[in-house]
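Chemist: coords please:
(one chain, ligands or ions: 2)
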Amino acid sequence: METLKEKLPYYLATASEEEIFEHSYKNKLPVLLKGPTGTGKSRFVEYMAAKLGKELITVSCHEETSALDLLGRFLVKGAETVWLDGPLTKAVRSGAFIYLDEIAEARPDVIVAIHSLTDHRRELYLDRHDEVIPAGDGFMLVASYNPGYQRGWKELKPSTRQRFVSYSFDYPRPELEAEILVGETGIEKNIAKKLVQLANKMRNLHELGISEAASTRLLVDAAKLMQTGLNARTACSVAIAEPLSDDREVVEALNDIIDLMF
Ligand SMILES: Nc1ncnc2c1ncn2[C@@H]1O[C@H](COP(=O)(O)OP(=O)(O)O)[C@@H](O)[C@H]1O
Ligand SMILES: [Mg+2]
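Modeler: Ligands and ions are numbered 1, 2, ... in the order given. Model (predicted):
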């Protein structure tokens, strides 16, 4: 039989996030993970759920995501209508973890739907089904959010933010980020370090007007392509430079930096 540890997704802690998450779980407090894309938020949630032996239900929120999508709906089956629990309702009933990825993208009624779960009540109101469901013992609500209001992205209201214990993710320290690349892809340490150096050069180029900096995810992708034998410059160009911008001049500038490094 597989032990739990063998099933743990790979995650390298960069600060005290594990301890903070465990204490939040013990105290039945919801957690909000803030930070730019590709910095390990989703991986961290998968890791913590596995570590704590919990089922994880993930909802990737987008601008059409509504409360009904989370709560459930009536479906017509032949001559009768049956109620079908949505992912949030399932998690509340069974005491699982629910992860609302990119919660600020969802419609405002989603925020309203989770209110009663994020305070002392810990109950879910299913108005449509005329039911109030107390959250199962191990239920935990985790959400992620990319605070990019400078870039015109959706913001969370202060009254919503104040319902969560919040933790900020950022690009890891160079030694740690290189270790993540090695751990995730098996790439040689020296190449991992070069990739991280490359990313940090790009991250400091504010004048290019790139809306989101090169993330750990992009470096992982480049490392994977290199590991299966793709030429380093090509790998970095298609996995890092191109995904960062659609502006030809910006991509050329990034390719020049890549050519200097590799
Ligand atoms: N601390 C970390 N430990 C292990 N892998 C990481 C870590 N941070 C980032 N990664 C890698 O980066 C990728 C993107 O991370 P992800 O969790 O999807 O980012 P986010 O949810 O913040 O957008 C992961 O698939 C993983 O390969
Ligand atoms: Mg994510």
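Chemist: okay, now the residue nearest to P172 when sequence neighbours are not counted: neighbour count?
Modeler: Nearest residue to P172, sequence neighbours excluded (C-beta to C-beta, 6 or more residues apart in numbering): T14, at 4.6 Å. To be clear about C-beta, it is placed using only N, CA and C from the backbone, and glycine gets the same treatment. T14 has 19 neighbours, counted by other C-beta atoms under 10 Å.
Chemist: surely T14 is in contact with E175?
Modeler: No: checked against C-beta atoms under 8 Å, the pair T14 and E175 is beyond contact range at 10.4 Å.
Chemist: domain ranges for the protein?
Modeler: Following automatic domain parsing, the chain resolves into domains at 4-168, 174-261.
Chemist: of these, which shows the lowest average pLDDT?
Modeler: Least confident of the domains of the chain, judged by mean pLDDT, is domain 4-168 with a mean of 93.
Chemist: quick one: residues contacting Y25.
Modeler: M48, L52, M140 (C-beta atoms under 8 Å, 6 or more residues apart in numbering).
Chemist: skip the chain neighbours and tell me the closest residue to the most centrally placed residue in the chain.
Modeler: Residue closest to the mean C-alpha point of the chain, counted by C-alpha atoms, centre = their mean, is S42 at 3.2 Å. In this structure, S42 finds its nearest non-sequential neighbour in D101, 6.3 Å apart by C-beta to C-beta, 6+ apart.
Chemist: please look at the one you found and L56 and confirm they touch.
Modeler: No: applying C-beta under 8 Å, one finds D101 not in contact with L56, separated by 11.1 Å.
Chemist: and for those two, which residues touch both?
Modeler: By C-beta under 8 Å, 6+ apart, D101 and L56 have no common neighbours.
Chemist: looking at the stretch 1-150 of the chain, which residue is nearest ligand 1?
Modeler: Nearest residue of the stretch 1-150 of the chain to ligand 1, counting by C-beta to the nearest ligand atom: G40, 2.6 Å away.
Chemist: perfect, I'm done here.
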